[in-house]
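Student: can't give you the sequence, but here's the structure:
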């Protein structure tokens with residue numbers, strides 16, 4: 001249990017670092033250099049972070065990570081209302097059925113939930129069903145609970161004559177069914193799937209997936225048995241079984257601290273053979289091996305890479321490299337979390353905020369019809385992206401060595417600096433507004449060229465002035481100019 005809690009805490013910190021931005025909104029390359037687009041995306045990213053952090057998102061993401069790591073599947077519902085703004089609800093394990101397409105992608109769900117009679121009547125009124133209407137006739141039945149099924153899936157038929165903003169013509173259809181009365185309570189739709197459902201791992205033919213807890217359950221059961229054996233072994237060594245002569249002791253043998261036993265002869269009470277107590281070192285070692293297996297499964301070294309190191313001399317570079325290498329171990333599972341959980345949540349959140357003008361103005365005309373993406377810039381994302389920056393640095397180093405050995409070879413011409421430098425900055429997590437746009441870069445280049453031209457013109461004017469002065473002045477006695485003038 002403690003390994004799971006530590007992993008959830010550490011995993012959340014590398015995914016969603018406290019007080020920091022963990023993602024940026026990106027657009028295709030041909031649009032990202034526009035100053036208006038860059039400014040709008042920067043502001044939109046800030047607004048989305050503020051809305052997420054002011055909602056119950058961080059609290060609910062804890063439940064999602066616990067479910068993912070322990071059981072395998074996890075579900076969260078994302079919605080926006082004018083009254084509450086962004087709101088998130090998690091789904092308990094076993095309360096929903098995952099709907100997949102032919103490519104094992106989650107496309108929908110059937111969620112089973114319950115509401116009290118008063119809650120259901122407040123939501124749907126008379127449409128809630130005869131059972132709920134009858135329960136509302138008596139006040140003592142107001143808190144009676146009823147089960148409902150909520151199905152959300154891609155709409156099979158869309159009427160091209162109707163607007164996509166019409167709820168029953170949206171890309172995702174939603175249907176609420178009263179389980180007891182077997183009637184449809186409500187029908188509607190969503191522009192995007194409001195449910196984000198992910199799996200820690202998705203083995204073949206297991207659409208619900210598996211978590212670390214389910215995979216390690218046999219090892220955990222063995223660990224429980226070994227802990228019991230260790231406690232028994234320790235108790236036998238600390239309070240070993242004893243033997244006593246018949247009628248050699250008066251009364252019962254007392255083993256409490258300071259106890260006094262009256263015997264008829266010395267050594268009438270003796271401990272039994274110590275080999276019967278068990279081998280404590282072996283039992284402890286086998287327990288340690290089992291602990292390490294479970295620690296490894298829960299990525300303990302990834303979240304506490306410095307724990308257990310011997311010696312006290314560690315360089316900063318060594319520590320940074322150790323942390324970077326251990327974070328890379330989380331690459332495979334975190335990729336699925338980004339794809340199945342965070343991407344759907346963030347894209348729906350961004351679109352809801354834009355559609356409802358919640359703290360942000362309308363997008364500039366340059367973004368009309370342009371799709372956007374999510375780039376993660378948390379500690380884990382940057383650690384995984386660091387290989388790109390490292391490859392670029394190694395390439396530059398190799399080119400530098402080639403240039404030193406072959407000075408006449410223009411190796412620098414093989415580098416597209418205008419694209420490479422901004423891309424390197426984004427890889428390292430540099431804020432978009434701190435990277436100059438193409439227009440700003442062109443303006444700086446033009447200003448630099450103008451300054452060079454002005455300096456050249458000033459130098460030319462100074463040279464011409466000096467030449468004119470030298471040509472009109474009287475030649476100095478004995479100078480070459482005087483001798484040349486005399487010869488003429």
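Tutor: Received, thanks. Predicted model, so just to flag it, every value in this text is computed and none were measured. Residues are numbered from 1 along each chain as shown.
Student: CA only for contacts and neighbour counts going forward, please
Tutor: Fine.
Student: quick one: pLDDT of residue 360?
Tutor: pLDDT recorded at residue 360 is 88.
Student: what of residue 437?
Tutor: Listed pLDDT for residue 437 reads 65.
Student: distance from the chain centre to the longest helix belonging to the chain, please.
Tutor: In the chain, assigned by DSSP state H, the helix with the most residues is helix 438-472. Relative to its parent chain, helix 438-472 has a centroid offset of 53 Å by CA atoms, centre = their mean, to the nearest Å.
Student: what comes up buried for it?
Tutor: In terms of neighbour count (16 or more other CA atoms under 10 Å), helix 438-472 has no buried residues at all.
Student: for stretch 335-353, same thing?
Tutor: 336-338, 340-350, 352-353.
Student: so what touches it?
Tutor: Outside stretch 335-353, the residues that touch it by CA atoms under 8 Å, 6 or more residues apart in numbering are 48, 78, 80, 86, 106, 192-194, 196-201, 359-360, 373-374.
Student: hang on, the earlier thing: what about the buried residues of stretch 335-353, which are in helices?
Tutor: Using DSSP H, the buried residues of stretch 335-353 in helices are 336-337, 343-350, 352-353.
Student: tell me which of the residues you listed is nearest to residue 440?
Tutor: Comparing those against residue 440 with CA to CA places residue 350 closest, at 27.8 Å.
Student: retrieve the pLDDT associated with the closest one.
Tutor: 91.
Student: how about residue 433?
Tutor: Reading off the model, residue 433 has pLDDT 62.
Student: picking that back up, which of the ones in helices among the buried residues of stretch 335-353 lies closest to residue 444?
Tutor: For these, the residue nearest residue 444 by CA to CA is residue 350; the value is 33.8 Å.
Student: would you map the strands across the stretch 251-400 of the chain?
Tutor: 269-271, 373-376 (DSSP state E, counting those that start in this stretch).
Student: of the ones you listed, which is nearest residue 119?
Tutor: Per CA to CA, nearest to residue 119 of the strands of the stretch 251-400 of the chain: strand 373-376, 37.0 Å.
Student: if I pick the nearest residue to residue 297 once chain neighbours are set aside, what's in contact with it?
Tutor: Excluding its sequence neighbours, the residue lying closest to residue 297 (CA to CA, 6 or more residues apart in numbering) is residue 212, at 6.7 Å. Contacts for residue 212 were tallied using CA under 8 Å, 6+ apart; they are 69-72, 200, 297-298.
Student: rewinding a little: least confident of the strands of the stretch 251-400 of the chain, on average?
Tutor: strand 269-271 (a mean of 70).
Student: ramachandran angles for residue 362?
Tutor: Dihedral pair for residue 362: phi -60, psi 150, per degrees, to the nearest 10.
Student: settle this for me: it is touching residue 356, isn't it.
Tutor: No: using CA atoms under 8 Å, residue 362 is not in contact with residue 356; the gap is 9.5 Å.
Student: follow-up on the earlier one: pull up the gap between the residue nearest to residue 297 and residue 294, please.
Tutor: Using CA to CA, to the nearest Å, we find residue 212 at a distance of 9 Å from residue 294.
Student: then residue 12?
Tutor: Separation of residue 12 from residue 294 (CA to CA) stands at 20 Å.
Student: of the two, who's got more company?
Tutor: residue 294 (21 against 16; other CA atoms under 10 Å).
Student: wait, what's in contact with the more buried one?
Tutor: With the criterion set at CA under 8 Å, 6+ apart, residue 294 makes contact with 216, 219-220.
Student: make a PyMOL selection of whichever of these turn out to be buried.
Tutor: A single PyMOL command selects the buried members of the contacts of residue 294 (16+ other CA under 10 Å):
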select buried, resi 216+219+220
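Student: quick one: the contacts of residue 294 as TSV, columns for secondary structure too.
Tutor: Listed next are these as TSV, based on DSSP: H, G, I helix; E, B strand; the rest coil:
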residue	secondary structure
216	coil
219	helix
220	helix
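Student: and stretch 50-59, what's buried?
Tutor: So for stretch 50-59, counting by 16+ other CA under 10 Å, buried means 51-52, 55, 57-58.
Student: which of those residues lies closest to residue 281?
Tutor: residue 58 (44.4 Å).
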